[in-house]
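1. Predicted model and sequence follow; I will ask about them next.
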Amino acid sequence: LGEIVAALGGELRGDPAHEIACIAPLESAGGDAITFVAQARLQKALEASTAGAIVLAPALVAAAPAGRNLVVTADPYLYFARLTQWWARRLRPAPAAGVHPTAWIAPDAVVAASASIGPHAVVESGAVIGERVQLGAHCVVGSGSRVGADSLMHPRVTIAAGCTVGERCVFQSGAVIGADGFGIAPTQGRWERIEQLGGVRIGNDVDIGANTCVDRGALEDTVLEDGVKLDNQIQIGHNCHIG
């Protein structure tokens with residue numbers, strides 16, 4: 001517990017040597033778990049908690065069971081978010097830098113030495129992969145596209161040609177960035193295809209869920225600005241601009 005508080009802050013009221021095995025929900029957390037309480041409406045559950053450690057706001061300290069280890073912080077939900085990140089880094093260390101032997105990198109692509117390129121990934125002509133980027137298995141980065149530093153592309157993410165992805169982005173499996181927008185012109189009872197000539201421009205700290213599609217623009221780019229968060233199975237049509 002002391003190691004957690006040393007890394008994340010907060011005021012520890014209890015035993016720093018108490019061993020924590022997991023993060024658990026308030027209702028089911030046992031003596032080897034750390035949990036959190038972010039809302040006053042959960043006071044009854046807090047009073048009955050058997051958790052080994054509880055992250056909570058100063059206003060709820062009095063409701064905590066006697067003798068329980070507490071981590072007191074102004075924003076328990078934010079503390080919980082950072083705790084999950086800290087925990088994940090320990091459970092899921094970043095893969096080693098380098099290119100898997102089955103991946104294909106175009107001769108004129110630029111891949112940072114600190115990047116990790118997974119099995120059967122493809123980086124096409126003129127693409128740029130930034131520092132510490134992780135491309136999972138079967139990812140594709142199309143010609144002329146760029147992926148910014150510290151971004152994580154889970155397996156089977158496709159970034160089509162002419163797209164830009166900022167730094168610290170996380171795209172879940174199956175996301176498709178830069179597929180053609182739906183553009184057709186009617187003529188004499190049939191349809192004439194409108195080539196989609198724009199790209200997709202994605203800012204920093206953007207999260208995109210599994211099997212979500214962001215279509216390229218018809219003439220100008222589709223834009224997702226810094227900090228956009230999209231869940232699974234969302235369709236962003238061509239030329240949308242999301243702040």
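-> Looks like it arrived, so ask away. Residues are numbered from 1 along each chain as shown.
2. Would you mind measuring from Pro93 to Trp87?
-> Applying C-beta to C-beta, to the nearest Å, one obtains 12 Å for the distance of Pro93 from Trp87. Quick note: C-beta positions are derived from backbone N, CA and C, even for glycine.
3. Looks to me like Lys44 is in a helix.
-> Yes: according to DSSP: H, G, I helix; E, B strand; the rest coil, Lys44 belongs to a helix.
4. What does the pLDDT read for it?
-> The predicted local confidence for Lys44 comes out at a pLDDT of 90.
5. And the one 10 residues further on, by the same measure?
-> Looking at Ile54, its pLDDT is 97.
6. just the one 4 residues further on next, same as before
-> Model confidence at Pro58, expressed as pLDDT, equals 96.
7. how far away is it from Thr102?
-> In this structure, Pro58 lies at 54 Å from Thr102, with C-beta to C-beta as the measure.
8. Who has more neighbours out of Pro93 and Trp87?
-> Taking neighbours as other C-beta atoms under 10 Å, Pro93 and Trp87 compare with Trp87 leading, 15 against 8.
9. bridging residues for the residue sitting nearest the centre point of the chain?
-> Geometric centre of the chain, nearest residue: Val170, 3.6 Å, by C-alpha atoms, centre = their mean. Beta bridges link Val170 to Leu152, Asp207 when assigned by DSSP bridges.
10. what residues are up against it?
-> The neighbourhood of Val170, defined by C-beta atoms under 8 Å, 6 or more residues apart in numbering, consists of Ser151, Leu152, His154, Val206, Asp207, Ile208.
11. what's the farthest-apart pair in the residues you listed?
-> Farthest pair in the contacts of Val170 (C-beta to C-beta) is His154 and Val206. Separation: 13.9 Å.
12. residue ranges with poor pLDDT in this protein?
-> Along the chain, segments meeting pLDDT under 70 are nowhere present.
13. Most distant residue from the centre of it?
-> Outermost residue of the chain with respect to the C-alpha centroid, by C-alpha atoms, centre = their mean, is Gln188; its distance is 47.0 Å.
14. Check the gap between it and Thr158 for me.
-> Counting by C-beta to C-beta - Gln188 and Thr158 are separated by 35 Å.
15. And for Ser151?
-> Using C-beta to C-beta, one obtains 14 Å as the distance from Ser151 to Thr158.
16. more crowded one of those two?
-> Neighbour comparison, Ser151 and Thr158: the larger count goes to Ser151, with 25 against 20 (by other C-beta under 10 Å).
17. List the residues that contact that one.
-> Contacts for Ser151 (C-beta under 8 Å, 6+ apart) come out as Gly130, Val133, Gln134, Val165, Gly166, Glu167, Arg168, Cys169, Val170, Phe171.
18. now swap in Gly181 and tell me
-> For Gly181, the contact set (C-beta under 8 Å, 6+ apart) comprises Gln196, Gly198, Asp215, Arg216, Gly217, Ala218, Thr222, Gly237, His238, Asn239.
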